[in-house]
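J.: Provided below for reference: sequence and predicted model.
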Amino acid sequence: MASRTQQAATEPSLSGLTTAIPDEFASRHAIHPSELQAYVDEINRKLHGNDHCQHLLPLEPATALFDKQQDGLLFCELLNTIEPGVVPVKQIHRGTAITPHCKVENQNLVIANAKALGCKIFNIGVVDLMKCVDNNTQHLVMGMTWQVIKASLTQGLSITHHPELIRLLKSGEALDVMLGLPAEEILLRWMNYHLDKANYGSTVTNFSSSIRNSMAYAHLLKQLAPTAIELDLGAIAEESDLTRATRVLEAARAIGCHKFVQPTDIVEGHERLNLAFVANLFNNYPGISLPTESELAALNKSKTELYDQLKQAQDQAASFKRSTESLHRELVEAQAALAEETSARQAQNEQHASEKQALVTDVDGIRAQLAQLQAQLIASSEEHDAAKQALEAQLKEIKESLDAEATTSQQLESELKQANAQLRDANEEVLSYKAASTQGQEAYERARNDHQSAADMVKQLTESTVTLEGELNRERRTAHEAAATAQIMLSQKETELQKANDQNAAQSLDIKRLQDELDAQYDLVRAKDAMLDHLSAQVMRKESQVEHLKVLYSSFVSPKKLFLSLFPDHSRSTFEKAGQSIENMQSQVLFRTLDAILPRSKPKTYWVLLKDNFLAFYKPAESATSPVDVFRLDDAVFQRDEVDDGVMMVISCVQNEGRPVVNIRFEDDRSADLWHNAIMISSQWWSDNRQKRATMLLMSPAGSRASLFHVPHEHTSPKLLKRAQDA
């Protein structure tokens, strides 16, 4: 496969990139040619030899990526290089003539399984990938490609694959912090960890502006592969940024790590490509040692605490689950009771409604009857008044007739008296007038009978009038009583109707209250479910932490075993060849024959070796192939005591099991000072608060031994070390 530099020189594809992508699209979504070429180079490398997509490879020119990925096969095969089988082989449609329907299925597999690998896929659909050229969505294809390549580079960036990453934890941070860090943050911590060791004196905070001058890369490469990298840090510091970036990438090529970036990408601060470059460096040269036994003890304690927390969380989750199930049962019962009560209330409401309707109908009928009775009463009163007037007129006529007949009767009686007088005076005329007298008597009887008949008729008319007035009064009382009864019934019905309305309102309030209680129970159940999900997530996270701790636990060894594993060729002669004498303070290997008292041992003479953060004691014989004992100097506590025959240095190795104490005797102050300074540097070699504090050998006037302790490491430099040596 041709390198990117060769491709740029032989192929015109990158210079013609703007012609392959419309100007309108390029103005809105710019695609960096160097980024596209880097992605294409990585795809060509990872899929080289893949029989299923040989008809698609190599991707030349780089813009061919947009056309050849449209059937989804390219990304499916690329995802399976990250984690074999993540895209089921039987579901992938392969071949040179894939139907549109099969292309859609392939792209659906790409999107779904890329998300399963942790890729962040936002606003990218099947059509965006299949019709990227027609729809001007090439930038979305670039985003998908970057997410897949990033997942490939960072898949092993975890404590499970690299237990030594625990050393990147800051002071006071728990193990679960590392488990939750994104890949970018882990790479930044890893880079700053090595830059601190290399005395870089600055902190890298991003993969763009922090690395544009390439000095961070230069120090990092020098720290990772000191023997293979030939960079004069002082010389390249005087060069231009572009020239310095070129030299750094030449050094990276020497150790097989020149991928993704070109000098201009570093100078311009291309964030994605620089992140990929650093991730590739980590995958090839992690450069971090395994944890110590003291860290094992601390993490074992943390593991126990996590187990306790896990059990507590599981118990709490079980309790919440039981509580939730109880609430569910109560909710179901409440729902059933509410449904039953609602049905009863509805039936009762319907009955009340029908009764209310009947009452309204009855009231309307009573009102109609009352109106009818009132109309009848009015009509009866009018008839009674008319009959009374007629009877009064008739009675008046009868009285007038009786008065006339009484006058006639008086006249007849007067005539009869005259006749009787005449009869007494003239008896003779009795006989003659006998017939006339008999007729007058008959007329008198008839008049008397007529008067009696008229009196009887007047009496009958009076009695009829009294009867009619009684009936009229009775009808009036009956009508008034019926109206009063109807009014009382109307008031009763209206009272019952008001009571029914009040009962309906109370029932509505009860139903509303029950509904609110049911909603509150629903909210409580949802809250319990959410809390249960949260606890389940905590349980899963704790279980994951326990698994990581198991992996870490299996990696822990004693200081001596760790020393032997880190330095397979650990004979005395090997270190003597690699190092120099104690007088050279910049040497990584310091050694000298000294008298020492080791734990559970008598005073003896040893060949003492100081390598990184290890203090090893060999037998004085030059042929010694293995140390008698090894101690870790991480955060060691030490002091100097003046003795009769020299200076005694007492070192408490707090990171070793049992906190052993080592005593070393020096014949003069100068040797004691030099070893004291060197051991103090080693005590901060792997310190967790490496970025904030370290050891500096000289920060106050010469001759002040108090200035040799706990000074910020950012000021440490070879010149200061030289001043310390002279002091």
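T.: Nice, thanks for sending it over.
J.: beyond the helix or strand harbouring Thr243, next helix or strand please.
T.: Using DSSP states H and E, Thr243 sits in helix 241-254. On the C-terminal side of helix 241-254, the closest following helix or strand by DSSP H and E is helix 263-268.
J.: would you say Arg640 is within a strand?
T.: Yes. Counting by DSSP: H, G, I helix; E, B strand; the rest coil, Arg640 is located in a strand.
J.: so what's it bridging to?
T.: Met649 (DSSP bridges).
J.: OK, contacts around it?
T.: Val647, Met648, Met649, Val650, Ala672, His676, Arg705 (CB atoms under 8 Å, 6 or more residues apart in numbering). For glycine as for every other residue, the C-beta is placed from the backbone atoms N, C-alpha and C.
J.: the third one touches Phe666, doesn't it?
T.: Yes. With the criterion set as CB atoms under 8 Å, Met649 and Phe666 qualify as a contacting pair; they are 6.8 Å apart.
J.: and for the two, which residues touch both?
T.: Joint contacts of Met649 and Phe666 (CB under 8 Å, 6+ apart) are Ala672, Trp675.
J.: report the rounded mean pLDDT for the host helix or strand of Gln107.
T.: Using DSSP H and E, Gln107 sits within helix 100-116. What helix 100-116 shows for mean pLDDT is 93.
J.: ok, back up a step: in the helix holding Thr243, which residues are buried?
T.: With burial defined by 16 or more other CB atoms under 10 Å, the residues of helix 241-254 counted as buried are Arg244, Ala245, Thr246, Arg247, Val248, Leu249, Ala251, Ala252.
J.: repeat that for stretch 218-235.
T.: Buried-residue list, stretch 218-235, by 16+ other CB under 10 Å: Ala218, His219, Leu220, Leu221, Lys222, Gln223, Leu224, Ala225, Ile229, Leu231.
J.: reformat those residues as a markdown table; add distance to Val466, secondary structure and pLDDT.
T.: As requested, the buried residues of stretch 218-235 are exported to a markdown table (distance: CB to CB, whole Å; DSSP: H, G, I helix; E, B strand; the rest coil; pLDDT from 0 to 100):
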| residue | distance to Val466 | secondary structure | pLDDT |
| --- | --- | --- | --- |
| Ala218 | 142 | helix | 92 |
| His219 | 140 | helix | 92 |
| Leu220 | 137 | helix | 93 |
| Leu221 | 141 | helix | 91 |
| Lys222 | 144 | helix | 89 |
| Gln223 | 140 | helix | 90 |
| Leu224 | 140 | helix | 89 |
| Ala225 | 144 | coil | 88 |
| Ile229 | 146 | coil | 84 |
| Leu231 | 147 | coil | 84 |
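J.: nearest to Asp502 among the contacts of Arg640?
T.: The nearest member of the contacts of Arg640 to Asp502, counting by CB to CB, is Val650 at 93.9 Å.
J.: contact partners for the closest one?
T.: Going by CB under 8 Å, 6+ apart, the list of residues near Val650 reads Phe638, Gln639, Arg640, Asp641, Val661, Val662, Asn663.
J.: hmm, which of those residues is lowest in pLDDT?
T.: Pick the lowest pLDDT in those and you get Phe638, at 77.
J.: quick revisit: now, which of the buried residues of stretch 218-235 sits nearest Leu359?
T.: Leu220 (94.9 Å).
J.: could you verify my assumption that the closest one touches Lys197?
T.: No. Counting by CB under 8 Å, Leu220 stays clear of Lys197, with 9.8 Å between them.
J.: now for the helix or strand containing Val332, which elements pack on it?
T.: Secondary structure from DSSP H and E places Val332 in helix 293-425. Here helix 293-425 touches helix 175-180, helix 428-555, going by 3 or more CB pairs under 8 Å, 6 or more residues apart in numbering; DSSP states H and E.
J.: pLDDT on the shortest one, on average?
T.: Yep, that's helix 175-180 we're talking about. 77.
J.: repeat for the longest one
T.: For helix 428-555, mean pLDDT is 74.
J.: tilt between it and helix 293-425?
T.: Counting by axes from the mean of the first three to the mean of the last three CA atoms, to 10 degrees, helix 428-555 lies at 180 degrees to helix 293-425.
J.: send me the helix holding Thr243 as CSV with only the CA atoms.
T.: Output in CSV follows, covering the C-alpha atoms of helix 241-254 (Å, rounded to 0.1, in the frame of the first residue of the first chain):
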residue,chain,number,x,y,z
ASP,A,241,6.9,24.8,14.0
LEU,A,242,6.6,23.0,10.6
THR,A,243,10.2,21.9,10.6
ARG,A,244,9.9,20.6,14.1
ALA,A,245,6.7,18.7,13.3
THR,A,246,8.4,17.1,10.3
ARG,A,247,11.3,15.9,12.6
VAL,A,248,8.8,14.6,15.2
LEU,A,249,7.0,12.5,12.6
GLU,A,250,10.3,11.2,11.3
ALA,A,251,11.0,10.0,14.8
ALA,A,252,7.6,8.5,15.1
ARG,A,253,8.2,6.6,11.8
ALA,A,254,11.4,5.2,13.3
